[in-house]
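>>> Model the structure of this input:
(3 chains)
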Amino acid sequence: MTNLLSRPSPGTLTSIYRKLYSLYGPQGWWPGRSRFEVIVGAILTQNTAWSNVEKAICNLRAAGCLSSPARFHRLRAEKISRLIRPAGYCNVKAGRLKNFTTFLFKRYGGMPAKMVRIPTPDLRLELLGIKGIGPETCDSILLYAFNRPVFVVDSYTKRIFSRHGFFAADASYEKAQALFTANLPSDEHIYNEYHALIVRLAKERCRVRPRCEDCPLKGVKNVAKDTKR
DNA sequence: GACCAGGCACATC
DNA sequence: GATGTGCATGGT
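The predicted structure is shown next:
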């Protein structure tokens, strides 16, 4: 019971990573001045272009709302909604941000730094328990705000790697994630760059030329043994 | 005017 | 469990 179409040859995913890294270089993810700001960005970027998230974050910064979680937590949802308007879904996201800060204060006294001592699997479950934080947002927070070696699977990753036969297009989040964690060293730096590089690749090429002949992934050997679906 | 963008929750079947 | 829909704005 796997959605994997084939098991990649040893080193395949590493060589793709090297290829992308040599092509694009370090991506410098995640832009954010604090753990809290990274978390806010992770929620704001749900189904939203980062350029629009930046506008919302600028508004929050200018209003002094990101100087501390406490400051943010005191804001009313209506005010947050106004400030994050450029990021879209402002009412929904204002609620989600409030859900997170409510959790943060109830569980950790409003201090993200206190979350660093929690083991990754436990922290993951806690975050997933917050309404508005799904697998991708949760893993983005773990990786980019807390430097945990958790691979983030987004729609680009699914689209690109299913097209190249690594897993079925309808593979679950966990199955897709397992492909990477099982075939890469458990290294926060690699996961950080890999995800960012996939996004870069998708934005730069695949949207324009979905079947481009010079795709960087083309020619990378994937296939060892076929396995059942 | 259509489509897409660094998702998620909820209702329905 | 799978699928469809609402949520919203800004750029191309």
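
>>> In terms of pLDDT, where does the residue in chain A that DNA strand C sits nearest to sit?
Residue nearest to DNA strand C within chain A: residue A:88 (2.5 Å; Cβ to the nearest atom of the strand). The way it works is simple: take the backbone N, C-alpha and C, and place the C-beta from them, glycine included. We have a pLDDT of 96 for residue A:88.

>>> Same question for the one 3 residues further on.
pLDDT, residue A:91: 96.

>>> In this structure it contacts residue A:81, no?
Yes: at 5.3 Å, residue A:91 counts as touching residue A:81 under the criterion of Cβ atoms under 8 Å.

>>> Compare the two (neighbour count), which wins?
In this view residue A:91 and residue A:81 are compared by other Cβ atoms under 10 Å, and residue A:81 has more residues nearby, 19 against 13.

>>> show me what contacts the closest residue to that one other than its chain neighbours?
What sits nearest to residue A:81 in space, not counting adjacent residues and going by Cβ to Cβ, 6 or more residues apart in numbering, is residue A:94, at 4.0 Å. Counting by Cβ atoms under 8 Å, 6 or more residues apart in numbering, residue A:94 touches A:77-78, A:80-81, A:84.

>>> Just give the number of residues close to residue A:13.
Neighbours of residue A:13 using other Cβ under 10 Å come to 21.

>>> That one touches residue A:179, doesn't it?
Yes: Residue A:13 lies in contact with residue A:179 (Cβ under 8 Å); the separation is 7.5 Å.

>>> So is the lowest-mean-pLDDT helix or strand in chain A next to DNA strand C?
Between all helices and strands in chain A, the lowest mean by mean pLDDT, DSSP states H and E belongs to helix A:155-163, at a mean of 91. No: applying Cβ under 7 Å from any atom of the strand, one finds helix A:155-163 out of contact with DNA strand C, separated by at least 12.4 Å.
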